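Asker: Here's a sequence, model it:
(chains A, B, C and D)
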Number of protein chains: 2
Amino acid sequence: MEKLLKIFKALSDKNRVRILLLLTKKKLCVCEIQDILGVTVSTVSKHLSILRDCDFIIDEKDGKWVNYSLNTASKDIVLNQILLILPFYLNNDELIQSDFEKVNSVCRKNLCNILLNIS
Amino acid sequence: MEKLLKIFKALSDKNRVRILLLLTKKKLCVCEIQDILGVTVSTVSKHLSILRDCDFIIDEKDGKWVNYSLNTASKDIVLNQILLILPFYLNNDELIQSDFEKVNSVCRKNLCNILLNIS
DNA sequence: TCGTAATTTCGCTATTGAACGAATTGACAA
DNA sequence: TTGTCAATTCGTTCAATAGCGAAATTACGA
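Answerer: Just a heads-up that it's a prediction; the model follows:
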């Protein structure tokens, strides 16, 4: 029961659902997700830890970066069903489509250079 | 998106999940659910309005009582999948099994008489 | 080693949500 | 119509959570 509630709580935040949909497209690091969602890095990091804590996503170190991707290896029926249903349900959502456009053009190195130039 | 979030928020509360599982067994009125969950009538009523608001359940008047039951007529893929998965996932849950034992013996008229005698 | 940059953690604020009791509503029966 | 009882709504309190900025952590490269 507790695990199930944790899953539904993870799914009841818009930005976390957006992150899951983004990760259906490709692996992303924290700062790429930050750029698309428009919230701070610490907020993104917190969302990712919640999603990871219920096994929706996995992380892997890549130099200074941490790549996040969907956990497609889970045997949990709820996790698997959710990951099947979400795209089916939301691919036509206006906000999700806008996110998908951004994720195509997002570039880790440009992004970091831009942030560098600003600060 | 907003509708989906509403569904996941509805599912992220333990008492609302318990109510959904109870209603897989039979139609119930507010005071019967109150007796099983052990919270106040107003709390149960609020939970039911949240579940009804995202079409998980329907209500029908029956004299002084209001019977609640699962909405099996929905065409929403998420609602249907959730209602399929929940029992599969939770039938062996300790708390849910305890609820199921209570729901067999709960009796609307005895319940109301008992409450009457106490007050 | 030391600085830099990505990420995480921490402390805080504001908002949301669950719970309760009291007051109100709605429907039946005397 | 009036009283009774189930249910809902309202107002309040308390806990949980999303968000931010700052500080700490981690890993690469000079």
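Asker: what does chain A put close to DNA strand D?
Answerer: A:9, A:12-15, A:39-43, A:46-47, A:50, A:61, A:63-64 (CB under 7 Å from any atom of the strand). Every residue, glycine included, has its C-beta placed from N, CA and C.
Asker: do that again at 6 Å, thanks
Answerer: Residues of chain A found near DNA strand D (CB under 6 Å from any atom of the strand) are A:9, A:13, A:15, A:39-40, A:42-43, A:47, A:61, A:63-64.
Asker: now that we have the residues you listed, which one has the most neighbours?
Answerer: Most neighbours among these, by other CB atoms under 10 Å in any protein chain shown: A:His47, with 21 neighbours.
Asker: related to what we said a few turns ago, would you list the residues of chain A next to DNA strand D in CSV and tack on pLDDT, secondary structure and distance to B:Ala73?
Answerer: Compiled in CSV, the residues of chain A next to DNA strand D are given as follows (pLDDT from 0 to 100; DSSP: H, G, I helix; E, B strand; the rest coil; distance: CB to CB, whole Å):
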residue, pLDDT, secondary structure, distance to B:Ala73
A:Lys9, 98, helix, 28
A:Asp13, 98, coil, 29
A:Asn15, 98, helix, 33
A:Val39, 96, coil, 39
A:Thr40, 95, coil, 44
A:Ser42, 96, helix, 45
A:Thr43, 97, helix, 40
A:His47, 98, helix, 35
A:Lys61, 90, strand, 49
A:Gly63, 85, coil, 54
A:Lys64, 85, coil, 53
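Asker: Of those residues, which are in range of chain B?
Answerer: A:9, A:13 (CB under 8 Å from any CB of the partner chain).
Asker: Reformat the residues of chain A next to DNA strand D as TSV; add distance to B:Gln34.
Answerer: Compiled in TSV, these are given as follows (distance: CB to CB, whole Å):
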residue	distance to B:Gln34
A:Lys9	25
A:Asp13	30
A:Asn15	36
A:Val39	40
A:Thr40	43
A:Ser42	42
A:Thr43	39
A:His47	36
A:Lys61	51
A:Gly63	57
A:Lys64	55
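Asker: for A:Met1, what are its contacts?
Answerer: Contact analysis of A:Met1 by CB atoms under 8 Å, 6 or more residues apart in numbering or on different chains lists B:14, B:17, B:90, B:93, B:95-96.
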